[in-house]
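> Build me a model:
(chains A, B, C and D)
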There are 2 protein chains.
Amino acid sequence: MSQPAASRQLIIRSTAQFARLVGLSRSAVSRVLNEQPGLRASTIERVHRAMAETGFTPNAHARHLRGKPTAVIGVCMENFFTPTAVAKLSVLQRQLTEAGYTTLAEMSQPGAFDNVVRHFLSLRVDGVIFIGHFEQVELAQRIAQLARHGTAYVVVDNSGLGRVQAVTLNRIAAMREVTAHLLKLGHRRIGLLGLSGPFQTVVDRLHGVNEALAAHGLDPSRCLVSHDARFERTDHFEYGRTLAHSFAHLRDRPTAFLAVNDDTAVGALLEFQARGLRVPEDLSLVGFNNQNICLMTRPKLTSVDQQIDKTIAATVRSIVRQIEQRENSRPQVRLIPAQLVLRGSTGPASRHARKR
Amino acid sequence: MSQPAASRQLIIRSTAQFARLVGLSRSAVSRVLNEQPGLRASTIERVHRAMAETGFTPNAHARHLRGKPTAVIGVCMENFFTPTAVAKLSVLQRQLTEAGYTTLAEMSQPGAFDNVVRHFLSLRVDGVIFIGHFEQVELAQRIAQLARHGTAYVVVDNSGLGRVQAVTLNRIAAMREVTAHLLKLGHRRIGLLGLSGPFQTVVDRLHGVNEALAAHGLDPSRCLVSHDARFERTDHFEYGRTLAHSFAHLRDRPTAFLAVNDDTAVGALLEFQARGLRVPEDLSLVGFNNQNICLMTRPKLTSVDQQIDKTIAATVRSIVRQIEQRENSRPQVRLIPAQLVLRGSTGPASRHARKR
DNA sequence: CTGAAAGCGCTTACAG
DNA sequence: CTGAAAGCGCTTACAG
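As a prediction, the model looks like this:
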């Protein structure tokens, strides 16, 4: 607010205009902007002060056109924001800013996935990061498209893609561990709540469950029970309620339940409790994501923490390395270990539970 | 995948290169890209097919440099993502896409607020939307900066700024209504949970509470009780717990509580219940934001819905209008009415409650 | 240390 | 209907 009134009125739109004002050549100004060596300290000082006074910002587009990388990373998000997707975006934005990049987040509208990538390419972004659930074949096509253009990319939490740059939570190991934990507590019949559908993340998780069962010499098809197909999936919380309702008074009710996420688990927990079943005395329950909501129930919810900070740190490291040294970037899938967070919702299998 | 192998290898980086490939002049290609009239249908067809085959995307920066607006809207978000901020961003992104704009969301790191705006200006965005809590004086400066550059802007949910383009929930009216509701139920002593701090949204909300009390001839300083200053604010949920703990066994405990948000309200609800107090028999409780979590408690939580769809629709309308017709854009604050959602957590004041 | 000139990839009058 | 030419706002050799 201490600027002279005259310069406040003036909108400077080009270095030419600005250079004239400061009494320098365009190239001199450009050199200051790009912090090139061999400039008189007084010149640098003069330019900086004039920029502060006039609020002039060089046109990033023109800058890029003459060879500067854009320092923009496009983030392609799935169609709708889940809490974990948001957490990832938030952490990503922070870390990319620290690394000197700007984040351009775009949601892919259903069926317009390629538009997003095309738009990123037209903006000549330095890299693209995919967060969320995407159809595998199409994702593979987008990746090929980016690779052809020599644009860096990382796929976050979408495994099963073969030789691509990816960082993903080790869901297989996570569910192996969760399942082993339940087996050790004596559970032999496990209900699945919402753990179905065409998502690779779900495929991975079931894979882990099956592995743990197999390691105990158990037959998954006998141990696992799912009612998912019977109900339409809407709100996670309500879906959990609905599924719990369908299980509550079964004669051979599972003694433990694995939910697709925390919301579903909480819905189920509240419904089970409303029907007089005690947790963990009558049944155990495990969520996924370790969101805040896990602390809000009685008992608190055992869940699996995605270690988002670590996932994103690995993602940023990967994309920055790809951008800075184009050569040594062989496709590589980085696995991030999850962390099982034990709380009150899991306990020993009920003595009254019917064993097979 | 049905492209000829040759064109798959080739990366086309300019219209010149592309035009040569198609056998046209650069201007002809440009005209097709810009959907200008007077082109042979076969020419258009030829260009489109070649674009699909080669994956060529014209450089958006060069395009803009020659006079095209960028069709990018910068969204400046506060430092950290609250659920409502995310919901707003999500809806905004969808609506802006529909309106033909790209969303460039950036979080302002603490103290680097002006960097975000400067970056938007350097990218020559068509408009800037502010979502979240920002320091008023600095926000006013950023707005002045944008106005000087003739860049459209809208401030979302940050009232009290005087003559600026803004869309904001009518928090005053909302809290007037909530408070009137509690007064009608017989409550005369109201506890505030987290409703304090330097945010304009909070100032507005307290304003509404006070107005409703005054309309009933009540003295706010006697009716309202806050313990906020006694505790450090960390996680909303825990903060709600802590505050409820501090109120639970007071002799002159308020019979109703207004929480700053749903998480705080749920924390308080669970703590009150854990201490043997019944809701709504012993005390009433009101949240804010009407998030999913309101449905997860017993009883369900009365809350205030922000009507985010309407807020964002008004925001998009405003910015698009500013961009398309620079003239008639007088600064205007648009107020969006909130909706009180009554659920089980509010009821008549307890007969045992001590009246003043 | 500084300036004049070329060129990045587009669009848009202006001729044909 | 199409092409040659100018110019958008920068950066970067190249001279001085």
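> my read: A:V164 touches A:V333, true?
Yes: A:V164 is within contact range of A:V333, at 7.3 Å (criterion: CB atoms under 8 Å). Placement of C-beta: from N, CA and C, glycine included.
> neighbour-wise, which of those two wins?
Per other CB atoms under 10 Å in any protein chain shown, whichever of A:V164 and A:V333 has more neighbours is A:V164, with 20 against 15.
> interface residues of the stretch 51-200 of chain A facing chain B?
Counting by CB under 8 Å from any CB of the partner chain, the positions of the stretch 51-200 of chain A adjacent to chain B are A:55, A:57-62, A:64-65, A:70, A:80-81, A:83, A:86-87, A:89-90, A:93-94, A:97, A:102-107, A:109, A:118-119, A:121-124, A:141, A:145, A:148-150.
> Mind checking which of those are in strands?
Per DSSP state E, strands hold the following members of those: A:102-107.
> Compare these and tell me which has the most neighbours.
For these, neighbours tallied by other CB under 10 Å; top is A:L104, 24 neighbours.
> Contact partners for that residue?
A:L104 makes contact with A:72-75, A:120, A:123, A:125, B:102, B:104-105, according to CB atoms under 8 Å, 6 or more residues apart in numbering or on different chains.
> try it again with 6 Å
A:72, A:74, B:104 (CB atoms under 6 Å, 6 or more residues apart in numbering or on different chains).
> Then A:G267?
By CB under 6 Å, 6+ apart, the contact set of A:G267 is A:237, A:240-241.
> neighbouring contacts of stretch A:167-179?
Contact with stretch A:167-179 is made by A:156-157, A:159, A:201, A:204-205, A:207-209, A:211-212, A:286, A:304, A:306, A:311, A:314-315, A:334-338, A:340, as judged by CB under 6 Å, 6+ apart.
> tell me the pLDDT at A:M107?
Predicted confidence (pLDDT) for A:M107: 81.
> So it sits against A:M77, correct?
Yes: look at A:M107 against A:M77 with CB atoms under 6 Å: they come within range, at 4.8 Å.
> joint contacts of those two?
By CB under 6 Å, 6+ apart, no residue touches both A:M107 and A:M77.
> show me what contacts A:I129?
A:75, A:154.
> Straight-line length of stretch A:274-285, end to end?
15 Å (CA to CA, to the nearest Å).
> and that stretch, does that touch chain B?
No: applying CB under 6 Å from any CB of the partner chain, one finds stretch A:274-285 separated from chain B by no less than 7.9 Å.
> Can you tell me what sits against that stretch?
A:248, A:255-257, A:265, A:269, A:345-347, A:350.
> hmm, back to that, out of the contacts of stretch A:167-179, name the ones that lie in strands.
Per DSSP E, the contacts of stretch A:167-179 map to strands at A:156, A:286, A:304, A:334-336, A:340.
> How far away from the center of its chain is stretch A:69-80?
12 Å (CA atoms, centre = their mean, to the nearest Å).
> so does it get close to DNA strand D?
No: against DNA strand D, stretch A:69-80 shows no contacts by CB under 7 Å from any atom of the strand, the least distance being 9.9 Å.
> Going by neighbour count, which residues of that stretch are buried?
Across stretch A:69-80, burial judged by 16 or more other CB atoms under 10 Å in any protein chain shown covers A:70-79.
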